[in-house]
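K.L.:
Structure, please.
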Amino acid sequence: MTAPTPDIERHPDVVVMRRRYDQIAETPVAQSSDGLAFLAGLYLAMSPWVVGFTDHSALMMSNLFTGLAVTVLAAGFAAAYGRLHGVAWVSPLLGAWAIVSVWAVNGPTPGTSAIVSNVITGGVIVLCAVAMMSGSMRRTRP
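P.N.:
As a prediction, the model looks like this:
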């Protein structure tokens with residue numbers, strides 16, 4: 001006979017850690033970075049139509065999917081950072097991809113407006129993601 005294994009979700013350390021992450025997510029810095037990342041993701045997704053580079057289909061699809069991924073992650077972080085903090089490292093990578101995708105995707109190099117749009121939006125996403133991640137690295141007072 002084996003003893004039943006306890007459910008990890010009910011472990012006291014996990015509960016305390018999630019509560020701590022939820023408290024961090026309620027700070028003004030975390031809320032503003034989540035909101036700004038959400039808006040940057042939406043803008044990145046619709047930027048091919050706003051800026052006007054729909055003729056570059058590979059970059060258009062890259063921006064659409066990357067922007068939607070950033071938007072979903074930012075909404076998830078705002079709603080339940082305690083459960084999603086483990087995937088917070090993905091957001092800065094998506095922002096970096098938005099910056100380099102202009103030159104990395106297949107096809108001709110788009111115009112200056114598309115490059116500037118992607119570089120600025122990717123930079124905003126990286127900064128917001130670093131701000132989100134740095135909140136969990138700081139010690140909080142009990």
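K.L.:
Next, the contact list for the residue nearest to the spatial centre of the chain, please.
P.N.:
Centre of the chain computed as the mean C-alpha position; nearest residue by CA atoms, centre = their mean is S91, 3.3 Å away. Counting by CB atoms under 8 Å, 6 or more residues apart in numbering, S91 makes contact with A37, V70, L73, A74, F77, I125, C128, A129, M132, M133. Every C-beta, even on glycine, is put in place using the N, C-alpha and C of the backbone.
K.L.:
Just the buried positions in the helix or strand where it lies, please.
P.N.:
Element membership for S91, per DSSP states H and E: helix 90-104. Within helix 90-104, the residues that count as buried by 16 or more other CB atoms under 10 Å are S91, P92, L94, G95, W97, A98, I99, S101, V102.
K.L.:
would you turn these into a markdown table with pLDDT and distance to L42?
P.N.:
Shown next, in a markdown table, are those (pLDDT from 0 to 100; distance: CB to CB, whole Å):
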| residue | pLDDT | distance to L42 |
| --- | --- | --- |
| S91 | 94 | 14 |
| P92 | 95 | 18 |
| L94 | 97 | 13 |
| G95 | 97 | 14 |
| W97 | 97 | 17 |
| A98 | 97 | 13 |
| I99 | 97 | 18 |
| S101 | 95 | 17 |
| V102 | 94 | 19 |
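K.L.:
Can you list the low-confidence ranges for this protein?
P.N.:
Along the chain, the model assigns pLDDT under 70 to residues 1-12, 24-25, 135-142.
K.L.:
ok, now which ones touch M17?
P.N.:
Counted by CB under 8 Å, 6+ apart, M17 has contacts G82.
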